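**Q** fold the stuff below for me.
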Amino acid sequence: MSSIASVLEQVKSKGPLVHNITNYVVMNNTANALLAVGASPVMAHAIEEVKDIVTISSSLVINMGTLSEKWVESMLLAAEQAKATNTPYVFDPVGVGASAYRTEVAQKILATAVPIVIRGNASEIMALAKFTNSTKGVDSTMATQDAIEGATALSKKYNNTVVISGETDYIITGDTVSKIENGSPLMARITGMGCTATAMVGACLGVEEDAHLAATAAMAVMGVAGDMANEKSEGPGSFQMNFYDALYDIDSETLAAKVKTNA
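**A** Modelled structure (predicted):
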């Protein structure tokens with residue numbers, strides 16, 4: 001627990017620069033969440049600058065929520081540069097399996113450079129692992145524990161860490177499985193909370209080399225902040241506001257005291 005808390009301390013003290021190539025549905029939410037927790041977001045998509053931004057960033061987040069030809073090209077260039085500069089990057093395969101195009105793009109990104117962390121919901125992880133083709137847009141159609149086998153296979157294939165987010169979050173690196181059992185049901189009623197989780201992983205990767213620890217800390221921060229926000233909220237609107245405040249207020253002592261984990 002103290003190690004999870006120390007990652008949060010580092011994020012708040014070091015303010016890692018997190019380069020997000022993400023979808024336009026969640027850009028504002030993601031940037032605000034990163035700022036609230038103490039990180040520094042940059043949302044750079046232009047083909048002409050992505051290599052430069054990756055080079056100066058602490059980490060890279062690639063999120064394929066809203067795809068277009070030019071954005072895909074930017075993602076591939078960024079992944080290639082991250083590999084060349086040893087910049088840790090996290091990949092969010094939003095909606096993979098929902099269309100042939102999304103699946104093709106996800107495979108291209110993975111073939112260009114293996115992310116240090118993959119984060120998705122249960123359906124996305126299972127589709128990426130080719131265990132199922134069942135998805136409902138960007139929403140999961142199965143429980144997180146149902147995707148553990150697929151996540152383990154993915155982690156072993158790419159020698160990286162895979163995060164399944166949901167009611168219980170699972171962080172899997174090979175045969176090592178950690179889980180976080182914090183969070184509020186209201187989180188599923190706000191667009192982009194999964195995308196925010198991916199960005200939070202990026203922030204933690206920017207200060208912590210141990211990918212499993214970084215990912216576990218990120219999901220712990222998300223879950224505990226969700227618990228804190230839930231105590232003050234009456235619905236999704238107030239929850240979103242209170243969630244940003246919780247990310248701003250959360251400290252290492254609170255995180256260590258409230259996190260429910262086997263890590």
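**Q** export the lengthiest helix in the chain as CSV, just CAs?
**A** Counting residues, the longest helix found in the chain (DSSP state H) is helix 211-230. Taking Å, rounded to 0.1, in the frame of the first residue of the first chain, the C-alpha atoms of helix 211-230 are listed here in CSV:
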residue,chain,number,x,y,z
ALA,A,211,4.4,-0.8,-14.9
HIS,A,212,2.4,-3.2,-12.7
LEU,A,213,2.8,-0.9,-9.7
ALA,A,214,2.1,2.2,-11.8
ALA,A,215,-1.1,0.7,-13.2
THR,A,216,-2.2,-0.5,-9.8
ALA,A,217,-1.6,2.9,-8.3
ALA,A,218,-3.6,4.6,-11.1
MET,A,219,-6.6,2.3,-10.6
ALA,A,220,-6.4,2.8,-6.9
VAL,A,221,-6.5,6.6,-7.3
MET,A,222,-9.5,6.3,-9.7
GLY,A,223,-11.3,4.0,-7.3
VAL,A,224,-10.7,5.9,-4.1
ALA,A,225,-11.5,9.2,-5.7
GLY,A,226,-14.7,7.6,-7.0
ASP,A,227,-15.6,6.6,-3.4
MET,A,228,-14.8,10.1,-2.1
ALA,A,229,-16.9,11.7,-4.8
ASN,A,230,-19.8,9.3,-4.3
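**Q** list the buried residues for it?
**A** 211-230 (16 or more other Cβ atoms under 10 Å). Quick note: C-beta positions are derived from backbone N, CA and C, even for glycine.
**Q** could you find the closest non-adjacent residue to the residue most central in space within the chain?
**A** When Cα atoms, centre = their mean is applied to the chain, the residue found nearest the centroid is Thr198 (1.3 Å). Leaving out its chain neighbours, the residue that sits closest to Thr198 by Cβ to Cβ, 6 or more residues apart in numbering is Asp92, at 4.1 Å.
**Q** angles on the backbone of that neighbour, please.
**A** The phi and psi values for Asp92, taken as degrees, to the nearest 10, are phi -120, psi 100.
**Q** that one touches Arg119, doesn't it?
**A** Yes - at 5.6 Å, Asp92 and Arg119 qualify as touching, with contact defined as Cβ atoms under 8 Å.
**Q** list the residues that contact both of those two?
**A** Gly194, Thr198 (Cβ atoms under 8 Å, 6 or more residues apart in numbering).
**Q** just the CA atoms of stretch 177-184, as CSV, please.
**A** The C-alpha coordinates for stretch 177-184 follow below in CSV (Å, rounded to 0.1, in the frame of the first residue of the first chain):
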residue,chain,number,x,y,z
VAL,A,177,-2.8,-10.5,-10.6
SER,A,178,-3.7,-7.5,-8.5
LYS,A,179,-7.2,-6.1,-8.0
ILE,A,180,-8.8,-2.8,-6.8
GLU,A,181,-12.3,-3.0,-5.4
ASN,A,182,-13.0,0.7,-4.9
GLY,A,183,-15.2,2.9,-7.0
SER,A,184,-18.8,4.1,-7.5
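**Q** please, where are all the strands along the protein?
**A** Applying DSSP state E to the chain gives strands spanning 17-21, 40-42, 59-63, 89-92, 117-120, 161-164, 169-173, 176-180.
**Q** could you dump those strands into JSON lines with distance to Arg189 and mean pLDDT added?
**A** Below are the strands of the chain laid out as JSON lines (distance: least, Cβ to Cβ, whole Å; pLDDT from 0 to 100):
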{"stretch": "strand 17-21", "distance to Arg189": "23", "mean pLDDT": "98"}
{"stretch": "strand 40-42", "distance to Arg189": "24", "mean pLDDT": "98"}
{"stretch": "strand 59-63", "distance to Arg189": "20", "mean pLDDT": "98"}
{"stretch": "strand 89-92", "distance to Arg189": "19", "mean pLDDT": "98"}
{"stretch": "strand 117-120", "distance to Arg189": "19", "mean pLDDT": "98"}
{"stretch": "strand 161-164", "distance to Arg189": "20", "mean pLDDT": "98"}
{"stretch": "strand 169-173", "distance to Arg189": "17", "mean pLDDT": "97"}
{"stretch": "strand 176-180", "distance to Arg189": "19", "mean pLDDT": "97"}
